[in-house]
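>>> kindly generate the corresponding structure for this input.
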Amino acid sequence: MLASFKDYKEDLLICIMPTCTVCGQQIANDILFLNHMMEKHGFRNPNVGTPDRNSRGY
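The predicted structure follows:
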């Protein structure tokens, strides 16, 4: 018996949604995931304060 489209759609969304590896929360998209990691778990860009790789240093 085939599952209903609603069940299929929910399963598909669960597979696509990013899941936080720290707390297990599912987040709707990548931008919200990055915000979640920074705000809830203190993840920050480690390269802040250093020149970017395209900089020639002068």
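
>>> so, low pLDDT: which residues of this structure?
Low-confidence segments of the chain (pLDDT under 70): 1-15, 46-48, 50-58.

>>> again, 50 this time
Counting by pLDDT under 50, the chain has low-confidence residues at 1.

>>> which residue ranges form the helices in it?
Here the chain has its helices, by DSSP state H, at 5-16, 30-41.

>>> export only the CA atoms of the last one, formatted as PDB.
Pointing back at helix 30-41 there. C-alpha atoms of helix 30-41 as PDB (Å, rounded to 0.1, in the frame of the first residue of the first chain):
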ATOM      1  CA  ASP A  30      20.700  26.800   6.100                       C
ATOM      2  CA  ILE A  31      20.700  30.500   7.100                       C
ATOM      3  CA  LEU A  32      18.500  29.700  10.200                       C
ATOM      4  CA  PHE A  33      20.900  26.800  10.900                       C
ATOM      5  CA  LEU A  34      23.900  29.100  10.900                       C
ATOM      6  CA  ASN A  35      22.100  31.600  13.100                       C
ATOM      7  CA  HIS A  36      21.100  28.800  15.500                       C
ATOM      8  CA  MET A  37      24.700  27.500  15.800                       C
ATOM      9  CA  MET A  38      26.000  31.000  16.500                       C
ATOM     10  CA  GLU A  39      23.300  32.100  18.900                       C
ATOM     11  CA  LYS A  40      22.600  28.900  20.800                       C
ATOM     12  CA  HIS A  41      26.000  27.200  20.800                       C
END
